[in-house]
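*Asks:* I need the structure of the sequence given here:
(one chain, ligands or ions: 1)
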Amino acid sequence: MTESKWLQLDEKAQNILIKNDRGGFTVPTAGLYPNQWNWDSAFAGWGFSTFDIERAWQELESLFAGQWNNGMVPHILFRSNDPDYFPGPDVWGTEECGPISSSGISQPPVAATFVRAIWEKDKTIGNNRLKKIFPKLKAWHKWFMTWRLTDRNCIFISHPWEAGRDNSPDWDNAMRAINPVGVGEYTRRDTSHVDGSMRPTQEDYDRYLWLVQRGRKLKWDEELMSVNRPFEVADPTMTFILLRASRDLLHMATALGVDNDEISEWCSKLREGIETLRNPDGGFFNAINCQTGEHSGNITSASFLNWYAGIDDDETLKILTKTLEEARYPIPSLSINSEKFDGMRYWRGPTWVVLNSLVGVGLSEMGYIAEATLLRKRTQSLILEKGFAEYFHPIDGTPGGGDSFTWTAAVWLAWASPSNGEY
Ligand code: GLC
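*Replies:* Coordinates of the predicted model:
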């Protein structure tokens, strides 16, 4: 790629972030996602930090403005009651829970890691901002350790949307056990923006809503919701990401000179929990249905987040090497050899560059430069050839979902663009 080409893409990516800015927070993309999403916002902050540090801090601060009294940071902050999005605030019914109208579940906690990256870019601006946001980050991590830790020390999700991989086959068997009686009539909005063949099925949607209705009935009280949970799946996305983010939190606690014993303990526990996620037959990391103990058996892009969490693993490296060779545009959200592989359906096959960036960062940090470079170069070609889509077909690169996507632009700016140099 020539320098003028990538500089053009840098500019395009900056313009996407600026266009998706709604005044201190960004939307993932206009139309399909008209509110503030949790991990999208954290990625946006990472992207902004390449050209506007002040705006990067604002993005993270605006996300934490929606933190609940119990420490949870919701997966959606409803900044406007846009009738074009379903399920909106009236369906979630969280009025009593937090300062901003929101959903009732969380999302992968990448925020601490990006706060660290933004802070390290310019500590003279960052030191004061970090002091203020640090206790909020810590309270959120504590919420995970209190309400989402399995007895085997991995993190589970209470709703498929919590993992950020909405319709991943990792949840299939737990979802099948739910009988969504009484879910009632409703009109989906997602399928009016993108083709239904790219979105979760109606059967999935009924169960998503049924789980939301249960939370609402229990007033989103974690204590009450933890009794006979109908859906509880230990998840590699959450476990690896929380471990990574807690290690970054620990680093920042030390720099701030505040007590770090509790965070240190969280890191040890999560590190211990990782081994539980290993599939006994295939050797890879996968999700586990906590009710039945059944392993999902799926190799997903989340299976490769171990290096990001600081965990080296020869077995996974072999599988990754094969995965990088198999598809032209890795990493597929589900192995292309799986019988459930569906190249355009959301988290059942497509490549999501946000996951690529996390895996790539982990690989390079742990010295796997050849693998990290290959992944990064393939991601560069994907964006160069196919644009800033929500996700892509891993074999032919067809762009899918929404367009002019905030986190795709952010990942370009902060990681994929050659402007960031070589590894
Ligand atoms: C979809 C994704 C989720 C993301 C959201 C906004 O629901 O599965 O991870 O946060 O869109 O982009």
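
*Asks:* from Thr323, how far out is the residue lying closest to Ile299 once chain neighbours are set aside?
*Replies:* Nearest residue to Ile299 in three dimensions, chain neighbours excluded: Ser335, at 4.2 Å (C-beta to C-beta, 6 or more residues apart in numbering). All C-beta atoms are positioned from the backbone trio N, CA, C, and that covers glycine. Between Ser335 and Thr323 the computed distance is 7 Å (C-beta to C-beta, to the nearest Å).

*Asks:* quick check: neighbours shared by the two?
*Replies:* Ile299 (C-beta atoms under 8 Å, 6 or more residues apart in numbering).

*Asks:* against Ala287, how distant is Trp171?
*Replies:* 7 Å.

*Asks:* compare neighbour counts for the two and give me the winner.
*Replies:* More crowded of Trp171 and Ala287, by other C-beta atoms under 10 Å: Ala287, with 34 against 25.

*Asks:* what bits of the stretch 251-400 of the chain have low per-residue confidence?
*Replies:* Residue ranges of the stretch 251-400 of the chain with pLDDT under 70: none are present.

*Asks:* break down it into its helices, ranges please.
*Replies:* With DSSP state H, counting those that start in this stretch as the criterion, the stretch 251-400 of the chain has helices at 261-274, 314-326, 353-365, 369-386.

*Asks:* tell me which of these is the most buried.
*Replies:* With neighbours taken as mean count of other C-beta atoms under 10 Å, those reach their highest mean count in helix 353-365, at a mean of 23.

*Asks:* and it, anywhere near the ligand?
*Replies:* No - judged by C-beta under 6 Å from any ligand atom, helix 353-365 stays clear of the ligand, getting no closer than 8.0 Å.

*Asks:* related to what we said a few turns ago, can you give me the neighbour number for the residue nearest to Ile299?
*Replies:* Ser335: 23 surrounding residues under other C-beta under 10 Å.

*Asks:* do you know which of the helices of the stretch 251-400 of the chain lies nearest Phe114?
*Replies:* helix 353-365 (10.8 Å; C-beta to C-beta).

*Asks:* pull the residues that contact that closest one.
*Replies:* So helix 353-365 is contacted by 39, 43, 110, 241, 244, 301-302, 304-310, 320, 330-331, 333, 369, 371-373, 375-376, 379, 382-383, 391-392, 407-408, 411-412, 414-416, 423 (C-beta under 8 Å, 6+ apart).

*Asks:* filter those by proximity to the ligand?
*Replies:* Trp39.

*Asks:* just the buried residues out of the contacts of helix 353-365, in ChimeraX syntax.
*Replies:* Typed into ChimeraX, the line below selects the buried ones among those, using 16 or more other C-beta atoms under 10 Å:
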select :39,43,110,241,244,301,302,304,305,306,307,308,309,320,330,331,333,371,372,375,376,379,382,383,391,392,407,408,411,412,414,415,416
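
*Asks:* you'd agree the residue nearest to Ile299 is up against Asp342?
*Replies:* No - using C-beta atoms under 8 Å, Ser335 is not in contact with Asp342; the gap is 11.9 Å.

*Asks:* and stretch 151-164, end to end?
*Replies:* For stretch 151-164, the first-to-last residue distance is 23 Å (C-alpha to C-alpha, to the nearest Å).

*Asks:* hmm, that stretch touching the ligand?
*Replies:* Yes - against the ligand, stretch 151-164 shows contacts by C-beta under 6 Å from any ligand atom at Gly164.

*Asks:* in that stretch, what's buried?
*Replies:* Within stretch 151-164, the residues scored as buried using 16+ other C-beta under 10 Å are 152-164.

*Asks:* who's in contact with the nearest residue to Leu250 once chain neighbours are set aside?
*Replies:* Closest residue to Leu250 apart from its sequence neighbours, by C-beta to C-beta, 6+ apart: Ile263 at 4.7 Å. Neighbouring residues of Ile263 by C-beta under 8 Å, 6+ apart: Lys138, His141, Ser246, Leu249, Leu250, Ala253.

*Asks:* which one of those sits closest to Arg216?
*Replies:* Using C-beta to C-beta, the contacts of Ile263 come closest to Arg216 at His141, 25.6 Å.
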